[in-house]
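# test case, fold it:
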Amino acid sequence: RIPHLFIDQVFKDRNMVAIFSFSSLMTVLTLIICTCAHLKELRPTIFDGGLVQEPGAPLVKRTGLVGFCWKMSRIGERLSPFVSASCVFIAVHVLFIK
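Okay, the predicted model is just below:
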């Protein structure tokens, strides 16, 4: 069992956990999207497992961590103007407001 003192010490400052703060959650999601999109740009088959999708072939199911990273990189590729604006907004928020 985990001692109660340890749990109280971890959750003493709720600002440390990103899911309790909307701005922290958005910062973490934006960083994940940007990182996955950048990795996909450097190595295009990194999240595909080396598979090349041919036209007319059945869709490949991407599951687990690799599937999550593939989805985040797809969001970063297709919504890049919005992701860039989000990065700028979060940077201004962290530097000047927070």
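# dump the residue contacts of Leu39.
Ile46, Phe47, Cys69, Ser73 (CB atoms under 8 Å, 6 or more residues apart in numbering). In this view, the C-beta of every residue, glycine as well, is placed from N, C-alpha and C.
# and the helices in this protein, which stretches?
Read by DSSP state H, the chain holds these helices, from start to end of the chain: 4-10, 22-42, 64-78, 80-92.
# quick one: closest of the ones you listed to Glu54.
Evaluated with CB to CB, these place helix 64-78 nearest to Glu54, the distance being 17.5 Å.
# could you check how far stretch 78-85 is from the centre of its chain?
14 Å (CA atoms, centre = their mean, to the nearest Å).
# can you add distance to Gly56 and mean pLDDT and give the helices of the chain back as CSV?
Listed next are the helices of the chain as CSV, based on distance: least, CB to CB, whole Å; pLDDT from 0 to 100:
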stretch, distance to Gly56, mean pLDDT
helix 4-10, 52, 53
helix 22-42, 24, 88
helix 64-78, 20, 90
helix 80-92, 28, 89
